[in-house]
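> Test case, fold it:
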Amino acid sequence: MSKTSSPSKSIDLKGMKKVGKGALIAGGAVVLTYLLENMGSIDFGQYTAVAVGIASILINFARKYLLSYE
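So this is what the prediction gives:
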């Protein structure tokens, strides 16, 4: 993990980006946990396979984007 160049008790733009990225990852985890807990009670009917496929694609996209974004 690289250190930021800001002095003690202050934060530069690079540090703010790291904090923001961490907040997005944590917020995404909260949303995904909520959705997974409640997904069992949602009835998609004949579109269940489509809903699962789309959810898988979106989750994989978000994971790749957030983990490889600098």
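> Skipping its backbone neighbours, what lies nearest the residue nearest the centre of the chain in space?
Nearest to the mean C-alpha position of the chain, by Cα atoms, centre = their mean, lies Gly28 at 3.5 Å. Distance criterion Cβ to Cβ, 6 or more residues apart in numbering; nearest residue to Gly28, sequence neighbours excluded, is Ala62 at 6.2 Å. Every C-beta, even on glycine, is put in place using the N, C-alpha and C of the backbone.
> what about that neighbour, which helix or strand?
helix 48-68 (DSSP states H and E).
> Just the residues contacting that helix, thanks.
For helix 48-68, contacts defined as Cβ atoms under 8 Å, 6 or more residues apart in numbering pick out Lys21, Leu24, Ile25, Gly28, Leu32, Leu35, Met39, Phe44.
> quick one on the thing from earlier: model confidence at the residue nearest to Gly28, what's the number?
The model reports Ala62 with a pLDDT of 78.
> Using neighbour counts, pick out the buried residues of the helix holding Ala62.
Within helix 48-68, no residue qualifies as buried by neighbour count (16 or more other Cβ atoms under 10 Å).
> what's the answer for stretch 13-26, then?
Here stretch 13-26 shows no buried residue, counting by 16+ other Cβ under 10 Å.
> How about stretch 40-50?
Result for stretch 40-50 [16+ other Cβ under 10 Å]: no buried residues.
> And Ala23, how far from Leu35?
Separation of Ala23 from Leu35 (Cβ to Cβ, to the nearest Å): 19 Å.
> Equivalent analysis for Tyr47, please.
In terms of Cβ to Cβ, Tyr47 sits 16 Å off from Leu35.
> cool, and Gly28?
On the measure of Cβ to Cβ, Gly28 and Leu35 end up 10 Å apart.
> What is the burial count for Leu32?
Per other Cβ atoms under 10 Å, the neighbour tally for Leu32 reads 15.
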